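Visitor: I'd like to go over a predicted model; first the sequence, then the structure.
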Amino acid sequence: MTDTPPRPPAPIKTPCIKVCVVDGESGLCLGCYRRLSEVAGWARLSDDDRARIMDELPGRRGQIRPEKLAMF
């Protein structure tokens with residue numbers, strides 16, 4: 001019998017695009033549309049909670065004024 005090393009955990013899915021600027025008006029990140037609290041706690045959320053938030057993100061774009069998004 002051989003000892004196989006344990007497999008590393010699967011990477012956590014994230015919508016992060018490395019544009020971390022929080023819009024003070026909406027409270028959303030201009031890169032991924034998550035709230036600051038969601039960004040901060042992302043690794044501690046369950047897979048189901050992360051999936052639910054990711055499903056909501058496209059609809060959040062409309063909460064940010066278009067001229068702010070034009071910067072990116």
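Guide: Noted; the coordinates are in hand.
Visitor: First-to-last residue distance for stretch 14-24?
Guide: Using Cα to Cα, to the nearest Å, the end-to-end distance of stretch 14-24 comes to 22 Å.
Visitor: same deal with stretch 10-22?
Guide: First-to-last distance for stretch 10-22 - Cα to Cα - comes to 28 Å.
Visitor: try stretch 34-43
Guide: 13 Å.
Visitor: buried sites along that stretch?
Guide: 34, 38-39, 42 (16 or more other Cβ atoms under 10 Å). Every residue, glycine included, has its C-beta placed from N, CA and C.
Visitor: Just checking, which helix or strand of this protein averages the lowest pLDDT?
Guide: When each helix and strand of the chain is scored by mean pLDDT, DSSP states H and E, helix 66-69 comes last, with a mean of 93.
Visitor: related to what we said a few turns ago, between the buried residues of stretch 34-43, which is nearest residue 18?
Guide: Closest approach to residue 18 among the buried residues of stretch 34-43 (Cβ to Cβ): residue 39, at 12.0 Å.
Visitor: Could you report the separation of residue 63 from residue 9?
Guide: 33 Å (Cβ to Cβ, to the nearest Å).
Visitor: One more: residue 38?
Guide: On the measure of Cβ to Cβ, residue 38 and residue 9 end up 20 Å apart.
Visitor: Please enumerate residues in contact with the least confident helix or strand of the chain?
Guide: Applying Cβ atoms under 8 Å, 6 or more residues apart in numbering, the contact partners of helix 66-69 are 23, 25, 30, 61.
Visitor: Many thanks, have a good one.
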